[in-house]
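Trainee: here is my input, please return the structure:
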Amino acid sequence: MAEPQLDMKPSGEYKQGGSNQQSPTDPGDNTKPDDTCPELVLKVRIQSHKENDFIEVELDRQELSYQNLLQASCYELGINPEQVEKIRKLPNTLLRKDKDILRLQDFQEVELILMKNGSSALTEYTPSLLEKPCYNSNAAKMTY
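Mentor: Now for the predicted structure:
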């Protein structure tokens, strides 16, 4: 005599196999794995010598792309997308294309590197050749 197939629930209850199972879209199912979450949450900041705080930016997983990351990040940070030179996944990886964005996981840290122009505060911190210790002023004055 074969007994009916019984499945063990995580809570320790027994149930008949195949009967009265909840579908993953049931409102009663509050636990969702990370890969089915509709949004990717990234920690984003602007590269800066003064400010190092991140903000969280939510992106729709169905529409992940380099452009969407750029647009959403710039909107949240209040900057113009044309000001962004590069996007870096910290500590040291440049994001260049949609495939790179698709590999991102929740709460990874991303940094926007702004273009350096004459009015940028970032250029104030760039040392000139005279300030660098390897600069030889005598060699600079030599003529050949």
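
Trainee: partners of the helix or strand that contains Leu59, with directions?
Mentor: Here Leu59, judged by DSSP states H and E, is contained in strand 55-60. The pairing partners recorded for strand 55-60 under DSSP bridges are strand 39-46 (antiparallel).

Trainee: pull the residues that contact the strand holding Leu59.
Mentor: 38-45, 68-69, 72-73, 76-77, 107 (CB atoms under 8 Å, 6 or more residues apart in numbering). For glycine as for every other residue, the C-beta is placed from the backbone atoms N, C-alpha and C.

Trainee: next SSE downstream of that strand?
Mentor: Per DSSP H and E, the helix or strand that comes after strand 55-60 is helix 66-77.

Trainee: for that next one, buried residues please.
Mentor: Neighbour counts using 16 or more other CB atoms under 10 Å place 66, 69-70, 72-74 of helix 66-77 among the buried residues.

Trainee: residues touching that helix, excluding its own?
Mentor: With CB under 8 Å, 6+ apart, helix 66-77 has contacts from 42, 44-46, 55, 57-60, 80-81, 83-84, 87, 95-98, 100-101, 110, 112.

Trainee: from the contacts of strand 55-60, which two are the most distant?
Mentor: Pro38 and Arg45 (24.0 Å; CB to CB).

Trainee: the two: which is more packed in?
Mentor: Arg45 (17 against 10; other CB atoms under 10 Å).

Trainee: give me every residue that touches that one.
Mentor: Contacts of Arg45 (CB under 8 Å, 6+ apart): 51-55, 77, 109-112.

Trainee: closest one to Pro91 out of the residues you listed, please.
Mentor: Glu109 (8.3 Å).
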